[in-house]
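*Asks:* Sequence first, predicted model second:
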Amino acid sequence: MKILVTGAAGFIGLFTAEALLNLGHEVVGFDNMNAYYDPALKRGRLLRLTQHRNFSFVEAALEDSNAVDGLFKRFKPARVIHLAAQAGVRHSISNPHVFIQSNITGFLNILEACRHNPVEHLVFASSSSVYGLNRKLPFSEADRTDSPASLYGATKKANEAMAHSYSHLYGIAATGLRFFTVYGPWGRPDMAPFSFTKRILEGTPIEIYNNGRHSRDFTYIADIVDGVLRVMDRIPEGQKDPLTPGQAAPPYKLYNIGNNNPVQLMDFIACIEKAAGRKAIKTFLPLQQGDVLATYADIDSLNADTGFKPTTPIETGIPALVAWYRDYYRI
């Protein structure tokens, strides 16, 4: 099967594309290779993928509608896993226009391409950031998501609404995945697991916001990829609406995809310290703009529909991250 993976040079994109290739699929990767973080890391990920003979790659921006439409016309993917986006909660505060261009205009281009070049299933990345200022834990897909704490979260909420409308209007089978704090080897340098590992190994201070009073549903990359593949193979179907006879709901679904086991930030740091064999130099700071205090994924729906169950505790995942970092950066 031919599958398009956008953001293929990204963290989740690398492992998703690699898993699909190992299953015998033909994968078309798409990425703009921007410099939001070190492009050399993206090139390193891409090098892993280009070693597979069933992998093709197109370098272009989501905002380029001609490039996106041409990609669909040329490769005719059967399914699409859309992971490309401008990420970063704090980056969205200082660079809002970039997020609108990539996450809103770019996603519109993907939806339009799926409309005019029909695909079996569009799986797209949302985020736990859509829950914003919600206080009820764990976060459930049934919860309201109209109080985002960042523009990044707002763009992901908009993506969910956009996908629903296209599913309703044009019958596009679409599933959104609300990812919860993904970590592991080849991870993103702007995220705390990578940043803390780097600084602890270097012996430089780490910045801990809200004096460490945070908890996160840290989810290991292998568990995330397992969930993505399970969802890709479960194509949603519109169901009859009992309240409006003759009307059918669109073939659309949303899932949380997380570890279902939040960890206190200070415990997470202690696990990195143990794997690194050295103590962190800690700088405690107030709560940072755009941050939320806790995330916690209710994954009952994903488990019921696909059998998804994460299996990697931080005691396993963190040593794998630290070992990769030592090897990759030769520390």
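*Replies:* It's in. Computed from a predicted model, the values in this text were never measured in an experiment.

*Asks:* Next, count neighbours for Ala161.
*Replies:* By other C-beta atoms under 10 Å, the residues close to Ala161 number 10. In short, each C-beta sits where N, CA and C put it, glycine included.

*Asks:* so what secondary structure elements neighbour the helix or strand hosting it?
*Replies:* Ala161 belongs to helix 151-170 when assigned by DSSP states H and E. On a contact count with 3 or more C-beta pairs under 8 Å, 6 or more residues apart in numbering; DSSP states H and E, helix 151-170 meets helix 89-94, helix 96-99, helix 106-116, strand 121-127, strand 174-179, strand 252-257.

*Asks:* OK, contacts around the residue nearest to Leu108 when sequence neighbours are not counted?
*Replies:* Leaving aside its chain neighbours, Leu108 sits nearest to Met162 (6.7 Å; criterion: C-beta to C-beta, 6 or more residues apart in numbering). Applying C-beta atoms under 8 Å, 6 or more residues apart in numbering, one finds that Met162 lies in contact with 104, 107-108, 111.

*Asks:* And those, which is closest to Gly10?
*Replies:* Nearest to Gly10 among the contacts of Met162, counting by C-beta to C-beta, is Phe107 at 15.1 Å.

*Asks:* Please tell me I have it right and that closest one contacts Val68.
*Replies:* No: with contacts defined as C-beta atoms under 8 Å, Phe107 does not count as touching Val68, sitting 10.2 Å away.

*Asks:* what do the two both touch?
*Replies:* Shared contacts of Phe107 and Val68 (C-beta under 8 Å, 6+ apart): Leu62.

*Asks:* picking that back up, so for the residue nearest to Leu108, what's the pLDDT?
*Replies:* What the model reports for Met162 is a pLDDT of 98.

*Asks:* So Arg53 belongs to a strand, correct?
*Replies:* No: counting by DSSP: H, G, I helix; E, B strand; the rest coil, Arg53 is not part of a strand but coil.

*Asks:* Any idea how many residues pack against Pro96?
*Replies:* Counted with other C-beta under 10 Å, Pro96 comes out at 15.

*Asks:* Give me the distance between it and Arg188.
*Replies:* Distance from Pro96 to Arg188, counting by C-beta to C-beta, to the nearest Å: 20 Å.

*Asks:* Fine by me, we can end here.
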